[in-house]
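Asks: Below are the sequence and a predicted model for it; my questions follow.
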Amino acid sequence: MRVQPAGTADHLRTVMHRDRETIGALAGVKADHERSVAQKTRRVVMASLGVMQEQKAGRKRIRALALAAILIVFFVVGPTVWWIADTLIDEEHLAGLVPQICIWSFLLISALLGCALLAGWLRRRS
């Protein structure tokens, strides 16, 4: 904005225009515009709140799935590990078909669980 010398017609027009804007703002002339801006702002804030709540629910769901995975590992893989350790200690060999199948299934389940955990961790990072 260009500065104009005091007393010129352009300067007086600029001062009067500023005074009208100030008086209009004080009198509430642009109240409809301000109300629409306030409503638009409120809608944006409420949408942001909805997104934040969805993210929080997603984190809770991920936490519940992680807990379920840990319990599955504890109750499914735990007895297999116990059985393998017991077999190694008692019979001192793993040459039979059943022990070998159990060992391979244990390794497969452990590898799948590790892949699932790694995929979840990488997904969360990106």
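Replies: Yep, it's here.
Asks: Okay, and residue 48 sits in which element?
Replies: Following DSSP states H and E, the helix or strand that holds residue 48 is helix 31-72.
Asks: Provide the contact partners of stretch 63-79 at residue level.
Replies: Outside of stretch 63-79, the residues within contact range by C-beta atoms under 8 Å, 6 or more residues apart in numbering are 106, 109-110, 113, 116-117, 120. Using the backbone N, CA and C atoms, a C-beta is placed for each residue, glycine as well.
Asks: repeat that with 7 Å
Replies: Residues lying outside stretch 63-79 but in contact with it, judged by C-beta atoms under 7 Å, 6 or more residues apart in numbering, are 106, 109-110, 113.
Asks: Check the residue nearest the centre of the chain and give its pLDDT.
Replies: Centrality entry for the chain: nearest residue to the mean C-alpha point is residue 55, 4.1 Å, by C-alpha atoms, centre = their mean. Here the pLDDT value assigned to residue 55 is 88.
Asks: what are the C-alpha coordinates of stretch 71-86, in PDB please?
Replies: The C-alpha coordinates for stretch 71-86 follow below in PDB (Å, rounded to 0.1, in the frame of the first residue of the first chain):
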ATOM      1  CA  LEU A  71      -2.000 -65.200  23.700                       C
ATOM      2  CA  ILE A  72      -2.200 -67.400  20.700                       C
ATOM      3  CA  VAL A  73       1.600 -67.800  20.700                       C
ATOM      4  CA  PHE A  74       1.600 -68.500  24.400                       C
ATOM      5  CA  PHE A  75      -1.200 -71.100  24.300                       C
ATOM      6  CA  VAL A  76      -0.400 -72.700  20.900                       C
ATOM      7  CA  VAL A  77       3.300 -72.500  20.500                       C
ATOM      8  CA  GLY A  78       4.100 -72.800  24.200                       C
ATOM      9  CA  PRO A  79       2.900 -76.400  24.700                       C
ATOM     10  CA  THR A  80       4.800 -77.500  21.500                       C
ATOM     11  CA  VAL A  81       8.000 -76.000  22.900                       C
ATOM     12  CA  TRP A  82       7.400 -77.800  26.200                       C
ATOM     13  CA  TRP A  83       6.700 -81.100  24.400                       C
ATOM     14  CA  ILE A  84       9.900 -80.800  22.300                       C
ATOM     15  CA  ALA A  85      12.000 -80.000  25.400                       C
ATOM     16  CA  ASP A  86      10.400 -82.900  27.200                       C
END
